[in-house]
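Engineer: Compute the structure for the input listed below.
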Amino acid sequence: MPTLNAHLPVLQVVVPLLIAPLVTMLRPRGLAWAAATATSLMTFLISVALTAGALAGEDQRYELGAWAAPYGIELSVGSFGALLLLILTGASTLALLAGKTSLDQQLESERQPLFLSAWLLALAGMSGILVSADAFNIFVFMEISSLASYILIAGGPDRRTMPAVFKYLIMGTIGATFYLIGIGLVYMMTGTLNLSDIQMRIQDVTDLRPILVAAGFITVGLGLKAAVFPLHVWLPNAYNFAPHAVTVFLAACATKVSLYVLLSFDFVVFQQNLLGHETQFAAFLMPLAVMGILAASAVALFESNLKRLLAFSSVAQIGYILLGASMVSLPGLTGSLMHMFNHALAKGGLFLVVMCLAMRFPSLELDDLAGAARRMPWTMGAFAVGGLSLIGIPGTAGFTSKWYLITASMEQGGGGWLLVGVIVLGSLMAVAYIWRVVEVAWFRPPASGQTEFSEAPVPMLVVTWVAAVANIYFGLAPWLQISLASDAAGVLLGELP
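Structural biologist: Take a look at the predicted model:
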C-alpha cells in the first residue's frame, strides 16, 4: 500500500507518542503492559518495513505538513537509521515480552501504567532521533528520550537508584547542553538546521573556527550521552539499579542512538567539508577507544556483581565501535556499524538472562550464583551463547564484526598490528570475565538445599532463547547487518549518494 508506506517514517514516532498518554489510563496493570507491548511490536514491524525499503535503495523521506526542507521539518531513513531502528524496536519488544513477571515483582501495580507510558515516550524519543533530518529536532527528541529514561531507571524498588539517576541526569544534561551549543554555532555560520542543507552551506563558510569549535562541543556532548570512555561514569550504576527489563532495553540501544548522531554528524557534516578533520577525529577518538576496551574489560574482570560486570563490558564494546569509526575507512566503519547491531544482540540476550536469573538469585552476586546451571540449565545455556557472541567466537554474530575490525586494522599499516593486538587482547579479557560466570554457575557446588530444578517462567525463557538463537542465526547468515552497515558506511564516507 504505497500511501501507507510513504508515512512510515512519521508513524515510527507518532504511534508510541500518541499511545503513551492512553496507557496511563489503563487498568488493571496487565492491560497497560499489553498495550505497551503491542505498540512496541507495531513499531518493530514499521522498522522492518523501513529496513526493506533501505535494502531496496528507496529514498525514504517525509516532509511534515508538506513543507519542503530546509523550511519545513524533514524525516529521513537510510541504511544507518534502519539498522538502528531494528535494534531499538526489537530490544523494546523483547524486553516487554519477557519482562512482565519481572515488572510485576519490581513495580507496584498502580505505578505500572505511568512507568509503561514513560517506556513508550523513551521509545518515541529515540525513534525520533533516528528518523530526524534536522539538528534541532534531534535535540528535542534527545530530551524526550532522556527524561523518560530517567523515570525508567528510577522505577525500581532499590533506593540506591536515586544517586545513579541523579548522576545520569547531570551527565546527560551536560552532554545535551554541549550538543546544543555546537548546533548553535553551526546555525550561526550556516543559517540552517537541516543536516543536508548544513552539508551544502558549510562549504561556503570562510571562517571555519566556529565550525571547528562546534565539532568539539558536539563530539564531547554526544560522547557523554554515549558513555564513551572516560565519560562513562554514569552507566554502570544506571544499568545496575534499573529494573531488569529496563536494563535489557537501554543496554541494547540507548548508547548506540547517541553514537548514531555522533557518527552521522561528524562524518557527513564535518569530515566531508573540513580539510584534515578526519585526522583530528582519529587522533581524538582512537586512544579513547583503545583505553575503553582495555580499562573497562580490566574492571569487568574484578566485578562481583553480574549486572555491573556486563555494564563495564558495554563500555568496552563501545570502544570497539569507536575504534572502527576512528580508522576512517570503509572496512573499519562497516565493522563499527556491524558491531552496533551484533553487540545489541549479544548484550540484550545476556541481560535477558540476568532477568531470568534474578527470579531465583535476586542479589546477582557471583558468589550467590554457585551451581545456578544445575537449577537453571536452559537459562545458563542462553548465557553461554550470548557470552560466546560477546567474545566473538566463529558462528556467532559477534565474530563477523570483529573480523571486519581486524581486517580494517591490518590495512592501517605498521601501527595497525597494535590495533589487532588490542582487539585480540580485549576478546581474551572477555573470555576471562565470561568464564568467571561460567565457572561459578557450572563448576561450583550449590548451597545446601539449592539443588532442585527451578527455571525462570516459560515466557521469559522463550524470549531469552529467541535472542540467543538470533545471535547464532546472524552469525551464520550475516547478510542483513553486512548489507546495511556497508551501505551506511559508504554514505557516511561520501562514497555513496
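Engineer: Hmm, Ala346 and Ser389 touching each other?
Structural biologist: Yes. Ser389 lies in contact with Ala346 (C-beta atoms under 8 Å); the separation is 4.0 Å. Heads up, the C-betas are built off the backbone N, CA and C, glycines and all.
Engineer: Spit out the residues that contact these two alike.
Structural biologist: 396-398, 471 (C-beta atoms under 8 Å, 6 or more residues apart in numbering).
Engineer: So for Ser389 and Ala346, which sits in the more crowded spot?
Structural biologist: The neighbour comparison of Ser389 against Ala346 (other C-beta atoms under 10 Å) goes to Ala346, with 31 against 28.
Engineer: Would you enumerate the residues in contact with the more buried one?
Structural biologist: Here Ala346 is in contact with 386, 389-390, 396-398, 471 (criterion: C-beta under 8 Å, 6+ apart).
Engineer: what does Ala408 give?
Structural biologist: 324, 327, 329, 331-332, 334-335.
Engineer: circling back: could you dump the shared contacts of Ser389 and Ala346 to a markdown table with secondary structure?
Structural biologist: Below are those laid out as a markdown table (DSSP: H, G, I helix; E, B strand; the rest coil):
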| residue | secondary structure |
| --- | --- |
| Thr396 | coil |
| Ala397 | helix |
| Gly398 | helix |
| Asn471 | helix |
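Engineer: from those residues, which single one is nearest Leu50?
Structural biologist: Ala397 (21.1 Å; C-beta to C-beta).
Engineer: Pretty sure that closest one sits against Leu388.
Structural biologist: No. Using C-beta under 8 Å, Ala397 is not in contact with Leu388, being 9.8 Å away.
Engineer: tell me the phi and psi of Leu26?
Structural biologist: phi -90, psi 130 (degrees, to the nearest 10).
Engineer: Report how many residues lie close to it.
Structural biologist: Leu26, neighbours per other C-beta under 10 Å, totals 18.
Engineer: measure it to Leu357 for me?
Structural biologist: For Leu26, the distance to Leu357 equals 30 Å [C-beta to C-beta, to the nearest Å].
Engineer: Distance check, the residue nearest to the spatial centre of the chain against Pro28.
Structural biologist: Residue closest to the average C-alpha location in the chain (C-alpha atoms, centre = their mean): Cys253, at 2.3 Å. According to C-beta to C-beta, Cys253 stands 29 Å off from Pro28.
Engineer: Quick check: end-to-end length of stretch 53-71?
Structural biologist: Using C-alpha to C-alpha, to the nearest Å, the end-to-end distance of stretch 53-71 comes to 26 Å.
Engineer: what's the helix or strand for the residue nearest to the centre of the chain?
Structural biologist: helix 244-264 (DSSP states H and E).
Engineer: quick one: that helix to chain centroid distance?
Structural biologist: Remark: helix 244-264 is offset 2 Å from the chain centroid, using C-alpha atoms, centre = their mean, to the nearest Å.
Engineer: again with stretch 243-257
Structural biologist: With C-alpha atoms, centre = their mean, you get 7 Å for stretch 243-257.
Engineer: C-alpha coordinates for that stretch, CSV please?
Structural biologist: Extracted in CSV, the C-alpha atoms of stretch 243-257 (Å, rounded to 0.1, in the frame of the first residue of the first chain):
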residue,chain,number,x,y,z
PRO,A,243,14.6,-2.6,36.7
HIS,A,244,15.9,-5.6,34.8
ALA,A,245,13.6,-5.1,31.8
VAL,A,246,14.8,-1.5,31.5
THR,A,247,18.4,-2.7,31.5
VAL,A,248,17.6,-5.0,28.6
PHE,A,249,16.1,-2.2,26.7
LEU,A,250,18.7,0.5,27.4
ALA,A,251,21.8,-1.7,27.2
ALA,A,252,20.9,-2.8,23.7
CYS,A,253,20.1,0.6,22.2
ALA,A,254,20.5,3.8,24.3
THR,A,255,24.2,4.5,23.8
LYS,A,256,24.1,3.4,20.2
VAL,A,257,21.5,6.0,19.4
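Engineer: Give me the buried positions along it.
Structural biologist: For stretch 243-257, the neighbour count (16 or more other C-beta atoms under 10 Å) marks 243-257 as buried.
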